[in-house]
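S.K.: below is the structure, and that's it, no one-letter string:
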């Protein structure tokens, strides 16, 4: 990978991260009315003293640029702000809640992306009118099933059919690996299905594209087996659009995880941010959004690099 | 033969969508039961002759709440996607037309908005504006603006270099005239396809937001709210949650299929160019 490409991408990355930090920083400042009174209003009496104290704690009386500078400096040193209610750094709560979310998302990527390749390759064998329509309708149905509804229906089904099985909640993998994975099955299915539908269809059409290319005909002509042509020549080229889509899907999964966590009572970042919104604990809302988005941006940066490693055309 | 099949699919999708939209829009005049009327003695009833889809926890008719909920959903999402189309479309077209530093700065801003996971950014916007159906519409509009901007900028860049556009410029047509009468008409198929697909996705986002309590508030009939309320008495009666979910699926499915069939019919080259982003 050449250095110029890498430097260009790093510059893009820093621009985007800087922009994201500005948007997240401005969040609290854009709340209509007096944000501090709103924050206090949730469950304490509002007195001018309390308002002044909290304004001071949040540094809201400084010029905007100074505030941003302070805030960014803190973020870069691991200080994401303090919870309004507990007064403790929000990083503590985030670092507890991040694991269930990461596990849920990672397993969903594995299942969604992993299964889509064989399914898509298999579907590429089916051609013709009826097969086309079935594939299309199936893929669109998978894409438009609301994941939270799927989750609720599956909880209901498990409660009726397997009364002894606990489908809700979360236990850390380190404490009880089997219980952990058992509780992850339904959320992962609910979360990964739309991604699976989308990616399978993409793999299928990319495969069909690739199978029609000259190099595939050449490979067949020189005597390579059908299997080898499919997996070695066609699939490899089909992977290029696939990888980009996986990167983009991570954003969908991180968002979808918020809803799925709520359905399955998983104590992850989604529940954290929703709880924080209802308590008006804005520093926590801000920090959680920043952490999730930065994760997404970095994943896509990694995908870009991977993409360049696979496809030499991108590098130049 | 293939063309005929596509047109059949398109016709099916169009009828499917139109029937749902008409049902939702005409709901007040179709003689359904009052979606707000609570009949306490008839709480949580399974489907029966009086209430075709049963009743909810307050004894309200599930069928009419679903149709009114679809109405809420369509109003919210069409407002949102319409706003995003106007904002994102103008940004994308202007960026392609004026190029240079304007293009660079504006598209960088779009990149930043694009960097947030969709649902998360929507939740952030609602955290600022407060939870209600309007905030949900604005949140979805903000989230979809960069998608329209990116999507229209690409084809518009090509069109700006077309001979007839250069010709129009040479004879002294104004910028506004060139954009509206020479560039925009050529983007109609991209716009139609994408609006339909994004409406489909927006229906799911709106349902997710109201499911989380961040969209329409009770007692407004809302499909997402029905799901979250129905969840609390799921073991007593799964019907309200099950039917609300199917309604969300059908609405979203219809618009997605319509967009997909339109894409094939209007411009086969568009296929697979997009589709990664929901």
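M.R.: In hand now; what should we look at? Nothing here was measured: the structure is a model prediction, and the numbers come from that model.
S.K.: how about the single nearest residue of the stretch 101-250 of chain A relative to chain B, what does it touch?
M.R.: Taking C-beta to the nearest C-beta, chain B has its nearest neighbour within the stretch 101-250 of chain A at residue A:149, 3.2 Å off. In this view, the C-beta of every residue, glycine as well, is placed from N, C-alpha and C. Going by C-beta atoms under 8 Å, 6 or more residues apart in numbering or on different chains, residue A:149 touches B:227, B:241, B:244, B:245, B:248, B:249.
S.K.: where does the stretch 1-150 of chain B come near chain A, residue by residue?
M.R.: Residues of the stretch 1-150 of chain B lying close to chain A (C-beta under 8 Å from any C-beta of the partner chain) are B:1-2, B:5, B:9, B:108-109, B:111-113, B:115-121, B:123-124, B:126-129.
S.K.: any figure for the gap between the residue nearest to residue B:245 when sequence neighbours are not counted and residue A:160?
M.R.: In this structure, residue B:245 finds its nearest non-sequential neighbour in residue A:149, 3.2 Å apart by C-beta to C-beta, 6 or more residues apart in numbering or on different chains. Going from residue A:149 to residue A:160 by C-beta to C-beta, to the nearest Å gives 17 Å.
S.K.: can you tell me if stretch A:269-276 touches chain B.
M.R.: Yes: counting by C-beta under 8 Å from any C-beta, chain B has neighbours in stretch A:269-276: A:273, A:274.
S.K.: low-confidence ranges, the chain, go.
M.R.: You didn't say which chain, so I picked chain A. Within chain A, the ranges that satisfy pLDDT under 70 run A:1, A:33-35, A:38-45, A:312, A:314-316.
S.K.: wrong one, I was asking about chain B
M.R.: For chain B (pLDDT under 70), the answer is B:1-6, B:267-278.
S.K.: so where's the longest helix in it?
M.R.: If you go by DSSP state H, chain B has its longest helix at helix B:62-98.
S.K.: show me what counts as buried in that helix.
M.R.: Taking 16 or more other C-beta atoms under 10 Å in any protein chain shown as the neighbour-count basis, helix B:62-98 is seen to contain the buried residues B:62-81, B:83-85, B:87-89, B:91-97.
S.K.: now do the helix or strand in which residue B:13 is found against helix B:62-98, angle only.
M.R.: Secondary structure from DSSP states H and E places residue B:13 in helix B:2-25. With axes from the mean of the first three to the mean of the last three C-alpha atoms, to 10 degrees applied, the angle from helix B:2-25 to helix B:62-98 works out at 120 degrees.
S.K.: now the helices for chain B?
M.R.: B:2-25, B:62-98, B:100-114, B:118-129, B:133-160, B:163-170, B:175-178, B:188-211, B:223-230, B:239-266.
S.K.: same deal with the stretch 101-250 of chain A?
M.R.: A:129-144, A:147-161, A:177-211, A:214-221, A:226-228, A:235-264 (DSSP state H, counting those that start in this stretch).
S.K.: of all the ones you listed, which one comes closest to residue A:110?
M.R.: helix A:177-211 (8.4 Å; C-beta to C-beta).
S.K.: near chain B at all, that closest one?
M.R.: Yes: using C-beta under 8 Å from any C-beta, helix A:177-211 reaches chain B at A:194, A:198, A:201, A:202, A:205, A:206, A:209.
S.K.: next, count neighbours for the fifth one.
M.R.: If I follow you right, that is residue A:205. Neighbourhood size, residue A:205 [other C-beta atoms under 10 Å in any protein chain shown]: 19.
S.K.: over to the one 10 residues further on?
M.R.: Number of residues near residue A:215 (other C-beta under 10 Å) recorded here: 12.
S.K.: how about residue B:32?
M.R.: For residue B:32, the count of nearby residues is 18 (other C-beta under 10 Å).
S.K.: against residue B:72, how distant is it?
M.R.: As judged by C-beta to C-beta, residue B:32 and residue B:72 stand 15 Å apart.
S.K.: next one: residue B:87
M.R.: 23 Å.
S.K.: show me the contacts for the residue in the stretch 201-316 of chain A that chain B sits nearest to.
M.R.: Using C-beta to the nearest C-beta, the single residue of the stretch 201-316 of chain A nearest to chain B is residue A:255, 3.0 Å away. When contacts are counted by C-beta under 8 Å, 6+ apart, residue A:255 touches B:117, B:118, B:119, B:120.
S.K.: can you rerun that using 10 Å?
M.R.: A:270, A:292, A:296, B:116-123, B:143, B:205, B:208, B:278 (C-beta atoms under 10 Å, 6 or more residues apart in numbering or on different chains).
S.K.: quick revisit: show me what the longest helix of chain B is packed against.
M.R.: Contact analysis of helix B:62-98 by 3 or more C-beta pairs under 10 Å, 6 or more residues apart in numbering or on different chains; DSSP states H and E lists helix B:2-25, helix B:100-114, helix B:133-160, helix B:175-178, helix B:188-211, helix B:223-230, helix B:239-266 as its packing neighbours.
S.K.: tabulate the ones you listed (a markdown table), appending distance to residue A:129 and mean neighbour count.
M.R.: Below are the helices and strands packed on helix B:62-98 laid out as a markdown table (distance: least, C-beta to C-beta, whole Å; neighbours: other C-beta atoms under 10 Å in any protein chain shown):
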| stretch | distance to residue A:129 | mean neighbour count |
| --- | --- | --- |
| helix B:2-25 | 5 | 15 |
| helix B:100-114 | 37 | 16 |
| helix B:133-160 | 30 | 22 |
| helix B:175-178 | 43 | 12 |
| helix B:188-211 | 22 | 25 |
| helix B:223-230 | 34 | 25 |
| helix B:239-266 | 13 | 23 |
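S.K.: out of these, which is closest to residue A:14?
M.R.: helix B:100-114 (11.7 Å).
S.K.: if you count contacts, what does that closest one end up packed against?
M.R.: By 3+ C-beta pairs under 10 Å, 6+ apart, helix B:100-114 packs against helix A:3-29, helix A:282-310, helix B:62-98, helix B:133-160.
S.K.: what does the stretch 51-200 of chain A put close to chain B?
M.R.: By the criterion of C-beta under 10 Å from any C-beta of the partner chain, the positions of the stretch 51-200 of chain A lying close to chain B are A:128-130, A:132-133, A:136-137, A:139-141, A:143-153, A:155-157, A:159-160, A:194-195, A:198-199.
S.K.: weed out the non-buried ones from these.
M.R.: Among those, those classed as buried by 16+ other C-beta under 10 Å are A:136, A:139-141, A:143-153, A:155-156, A:159, A:194-195, A:198-199.
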